[in-house]
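# A predicted structure for the sequence below; I have some questions about it.
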Amino acid sequence: MNQQRTTISDIQRGSTFRYNNEVWKVTEIYRYEWNDGSKSKEFKIKSKTGAVRYLETELNDNEELVCRIWIDIRYKNLRHKWRKKEATAEYFSFNGKSYPKKIHHDGEDMFYFDQSSGYCSYGFTRESVDSLTYATQDKKHYLSLEVWEDEKELSYGTLIDESSITNITEGKKGVSDYGIVRVIGRSISWVVIGFFIFIVAMMDSCDTSFGSNSGDPYYENDSSRVNKSNRNYYRNRNSRGYGK
């Protein structure tokens, strides 16, 4: 009996594969749902030398698999290029700001490619994201800016052939890799957060009631009082995710 070949579509958390003469292991999976109805998937991968990259997969309009490898770059390295206004340059609007239709990066001219909005799911978390992409004329290299709820992330991508990824192992699905489990997990998370906010609100109410006696010096100097004004909630995302 011939054993069925493992393909990119079979990659899961824990899978390993060979690319560019190195062995890479999948450590995280990010799933994107874009407002135009398209979907893409991104795998955070790590080599034995500690290098981190991102493998993005999606289907194009012809239902063909498209693969790109991405690497993070520092946002401030390009921020000045977007802020600098040139009289001869053409601009477009993205996320409430103006960006040039053409930029020069690392010896390459890159042109506006597309922009998308959607949601990214990782673990039991789902977060909104806006994505802006530039590409070289031959569409082999890309520059992506992603605007998340609490940060901006910039990455450089290279189009690769599916055949360049070999020796794929299947890995094992985690609990959060099952769609119904992710939905249940997110629902439970919102219930827990709502309950926590309710408890904090009740505690604030109690503090207000007991604090009406402002003339009590023992109350004013009580070191056991807690400052609850700083309620920051943020995603626990290990690193960037580029989608489009």
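Okay, I see it.
# all contacts plus neighbour counts: C-alpha atoms, from now on.
Will do.
# can you pull the contacts of residue 73?
154, 155, 156 (CA atoms under 8 Å, 6 or more residues apart in numbering).
# surely the last one meets residue 70?
Yes: with contact defined as CA atoms under 8 Å, residue 156 reaches residue 70; the gap is 5.5 Å.
# all helices for this structure, in order.
76-83, 179-210, 217-220 (DSSP state H).
# count the residues that sit near residue 38.
14 (other CA atoms under 10 Å).
# ok, back up a step: more neighbours, residue 156 and residue 70?
Neighbour count, other CA under 10 Å: between residue 156 and residue 70, residue 70 has more, with 27 against 20.
# in the lengthiest strand in the chain, which residues are buried?
If you go by DSSP state E, the chain has its longest strand at strand 108-122. Using 16 or more other CA atoms under 10 Å as the test for burial, strand 108-122 gives 110, 111, 112, 113, 115, 116, 117, 118, 119, 120, 121, 122.
# again with stretch 120-136
Quick answer for stretch 120-136 (16+ other CA under 10 Å): 120-126, 129-136.
# and the longest strand of the chain, which strands flank it?
The strands beside strand 108-122 in its sheet (DSSP bridges) come out as strand 22-34 (antiparallel), strand 102-105 (antiparallel), strand 125-135 (antiparallel).
# quick revisit: mind putting the contacts of residue 73 into JSON lines with pLDDT and distance to residue 170?
Formatted as JSON lines, the contacts of residue 73 follow (pLDDT from 0 to 100; distance: CA to CA, whole Å):
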{"residue": "154", "pLDDT": "94", "distance to residue 170": "30"}
{"residue": "155", "pLDDT": "95", "distance to residue 170": "27"}
{"residue": "156", "pLDDT": "96", "distance to residue 170": "27"}
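# want to throw the residues you listed into CSV with distance to residue 31?
What follows is the contacts of residue 73, written out as CSV (distance: CA to CA, whole Å):
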residue, distance to residue 31
154, 18
155, 17
156, 19
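# which of the residues you listed sits closest to residue 62?
Set against residue 62, the nearest of those by CA to CA is residue 156 (24.6 Å).
# leaving out chain neighbours, which residue sits closest to that closest one?
residue 143 (4.7 Å; CA to CA, 6 or more residues apart in numbering).
# what does residue 103 give?
That would be residue 110: by CA to CA, 6+ apart, it lies 5.4 Å from residue 103.
# quick check: the one you found touching residue 135?
Yes: with contact defined as CA under 8 Å, residue 110 counts as touching residue 135 (5.0 Å).
# hang on, the earlier thing: verify the stated contact: the residue nearest to residue 156 with residue 133.
Yes: using CA under 8 Å, residue 143 makes contact with residue 133 at a distance of 5.7 Å.
# how about the contacts made by the residue nearest to residue 18 when sequence neighbours are not counted?
For residue 18, ignoring the flanking residues on the chain, the nearest one in space by CA to CA, 6+ apart is residue 166 at 5.1 Å. Counting by CA under 8 Å, 6+ apart, residue 166 touches 17, 18, 19.
# and those as JSON lines, adding neighbour count and pLDDT?
Listed next are the contacts of residue 166 as JSON lines, based on neighbours: other CA atoms under 10 Å; pLDDT from 0 to 100:
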{"residue": "17", "neighbour count": "21", "pLDDT": "96"}
{"residue": "18", "neighbour count": "16", "pLDDT": "96"}
{"residue": "19", "neighbour count": "15", "pLDDT": "97"}
